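Novice: got a sequence here, can you model it:
(2 chains, ligands or ions: 2)
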Amino acid sequence: MAHIWPIGGGKGGSGKSFITSSLGRLSAGLGRRTLVIDLDLGAANLHTLVGIPYPSKSFSDFLLKKVDRLDDTIVETPFENLFLISGAQDHFDIANLPYEQKIKTLRAIMKLDYDCILLDLGAGTSFNTIDFFLISQNGIFITTPEPTSIENVYRLIRSVYFRRIRYCFSVSQFKALEEEAIEQFGEGAFNKPECMMKVIERDHPEPYRDLQNDFNAFRFRLIINQMHKRDNAALGAHVCRIIEKHMGLQIDFTGNVSYDERVHDAICQQVSFLDRYPYTKTAGELRAVGRQIFQPAGRQLMLQYV
Amino acid sequence: MRKSFAELNYYEMLDIRPGAAAFEIRQAYGAALQIYQPGSLVSHSFFTETERREILSLIEKAYQTLIQDQTRKAYDDELMSRGEIDRPAQAGPDARKPVGIFSISRGRGQQPAGSNQESLKTRIRQSERIAELTGRHALSGEDLKQIRTELDVTLEQISQATKIRQDHLINIEENRLARLPAAIFLKGFVKSYLKYLCLEPVEELSARYMETVASLAQHETAQEQE
Ligand SMILES: Nc1ncnc2c1ncn2[C@@H]1O[C@H](COP(=O)(O)OP(=O)(O)OP(=O)(O)O)[C@@H](O)[C@H]1O
Ligand SMILES: [Mg+2]
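Specialist: Numbering: from 1, shown residues only, chains lettered A, B, ... in the order given. Ligands and ions are numbered 1, 2, ... in the order given. Down below sits the predicted model:
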């Protein structure tokens, strides 16, 4: 089974697609059959970043049943071992993907025969986006060192946490839990998964244990992209620290990727930044991040809800 | 279940081990402020204002309790009686002694001071050496250099942020009077330098520096004439 890395991060423009394509290149460079999937439907641009300005097929062919299997929407890229499912020409918005379509897609992705699959999830915190994020335990959050981006990534992390809790309960149970949390911890509790966990611990010991096990098995990661010289290099570590301390969720800080104007140049010239500017600080940091992420990973558990 | 922040003991709040030495407590306090202070990027939007205030007051209390030997001992006794920490305090007997500011070993140049104003301010507040240097009437270039090194800020960082050429900064710090720029520029440079280091009050300090330089220069001319 492929290792799947969903890549998300609240805010638009933080560099999700750039990082996804770079990690894709790095993984493919290790000789692994690598597939990048553009799930940022409606605003897809991953194809351009992997050198296919006009993809011949796209994800919508699968949704519209023009093809039977998700496999049939995969296109080769100019890079050895790197493949793409494009989201171009999709008139769907992932947030509006109907439930059956979503489940069908999730299942199809899990069945794909690749060594490594990277999902570019686009911005936003819609339930669908989060469901794709939760497809594996290896979700990667991307943020830039700006308050707006930090705010959004916190929102996304909380939403992911809530969504995972939600899987364990029925709609009405979940609603009751919400009310209970608010009653006990005040209005602020409505966006605090940690408060809800306290209620669950008290009232539902069994799901609580399952959830804890599940959260312990997550290997979420955080990458800070577009670091400038004056930014605090310790930001990522500190962010992970307060998430752990105040939400009880463990996220590994994987590294900083510096801002470099040549990223823009490479994208404009439609060449791979890593190939064109391999000796820049940014390229070195991308490789370091890649090494961390693709180091021989253990067994990967898929979530049972699908 | 995990404890909420308010349920943590002071060591846990500051992320230090029970035997931590004074300088570690100071450092941890500085780091905590950097994370929780209003305006901190790390905790941006993470807490409500009330939550933040509560956390900060807990951190303040933790710091004040642990940094003073007497209150710390009483607190440790309480933790021991609750069985939260072990009796033979994990620290050697001398680890508790206040540690001179000079023995703090910090990594050099890792601190981009711009985004670290709070941490600089904390360090300034806590450094006896800096208090001594800024407390005297005279303030020379060499004094500035000492303060800067005390704060672990490099000349490159200042030069980069203030756009003042490094050789000017070096001349200032080395009191090379003959090579200093004209007074009007010099004052501006020193003000930017002070601001970058978060040293206050800028006006007063820069005025004192200018006076010091002027009297040094007089002294020098007097010597030359002799
Ligand atoms: N490390 C970097 N240095 C400089 N520029 C960068 C860096 N990373 C990304 N960028 C710039 O930011 C822009 C946005 O990046 P990207 O398209 O990858 O963001 P995104 O998170 O996928 O956005 P969206 O949510 O809109 O899909 C890119 O066009 C690129 O020019
Ligand atoms: Mg994108």
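
Novice: C-alpha only now, for contacts and for neighbours.
Specialist: Fine.

Novice: check what pLDDT the most centrally placed residue in chain B gets.
Specialist: Residue closest to the average C-alpha location in chain B (C-alpha atoms, centre = their mean): residue B:123, at 1.4 Å. Looking at residue B:123, its pLDDT stands at 86.

Novice: how about residue A:117: which residues does it bridge to?
Specialist: residue A:4, residue A:35 (DSSP bridges).

Novice: what's around it, how many residues?
Specialist: By other C-alpha atoms under 10 Å in any protein chain shown, 25 other residues sit near residue A:117.

Novice: output the below-cut-off pLDDT ranges for chain B.
Specialist: Judged against pLDDT under 70, the low-scoring parts of chain B cover residues B:1-2, B:87-115, B:226.

Novice: show me where it has its strands.
Specialist: Remark: strands of chain B are absent; assignment by DSSP state E.

Novice: kindly report the same for chain A.
Specialist: Under the criterion DSSP E, chain A contains strands at A:3-8, A:34-38, A:74-76, A:82-85, A:116-120, A:140-143, A:220-227, A:251-258.

Novice: ok, the residue nearest to the centre of chain B - contacts?
Specialist: Taking C-alpha atoms under 8 Å, 6 or more residues apart in numbering or on different chains, we find residue B:123 in contact with B:30, B:151.

Novice: so how far is residue B:31 from it?
Specialist: Residue B:123 is 10 Å from residue B:31, where distance means C-alpha to C-alpha, to the nearest Å.

Novice: how about residue A:144?
Specialist: Distance, residue A:144 to residue B:31, using C-alpha to C-alpha: 21 Å.

Novice: residue 64: neighbour count?
Specialist: No chain specified, so I'll use chain A. Residue crowding around residue A:64 was assessed by other C-alpha under 10 Å; the count is 10.

Novice: can you look at chain B instead?
Specialist: Residue B:64: 14 neighbours (other C-alpha under 10 Å).

Novice: is any residue of stretch B:189-197 near chain A?
Specialist: No: figure legend: stretch B:189-197 not in contact with chain A (C-alpha under 8 Å from any C-alpha of the partner chain); closest approach 12.2 Å.

Novice: with just CA atoms, put stretch A:246-255 into CSV.
Specialist: C-alpha atoms of stretch A:246-255 as CSV (Å, rounded to 0.1, in the frame of the first residue of the first chain):
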residue,chain,number,x,y,z
HIS,A,246,-2.7,23.2,25.2
MET,A,247,-4.4,20.8,22.8
GLY,A,248,-2.6,17.6,23.6
LEU,A,249,-1.9,16.9,20.0
GLN,A,250,1.5,16.0,18.9
ILE,A,251,2.8,17.5,15.7
ASP,A,252,6.4,17.2,14.6
PHE,A,253,8.2,20.3,13.3
THR,A,254,9.8,19.2,10.1
GLY,A,255,11.6,22.4,9.1
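
Novice: from the chain's centre, how far out does that stretch sit?
Specialist: In terms of C-alpha atoms, centre = their mean, to the nearest Å, the centre of stretch A:246-255 is found 15 Å from the chain centre.

Novice: residues contacting that stretch, please?
Specialist: With C-alpha under 8 Å, 6+ apart as the contact definition, stretch A:246-255 has outside contacts at A:192-194, A:215-216, A:218-224, A:236-237, A:240, A:243-244, A:285, A:288-289, A:292-293, B:2, B:4-5.

Novice: what residues of it count as buried?
Specialist: A:246, A:247, A:248, A:249, A:250, A:251, A:252, A:253, A:254, A:255 (16 or more other C-alpha atoms under 10 Å in any protein chain shown).
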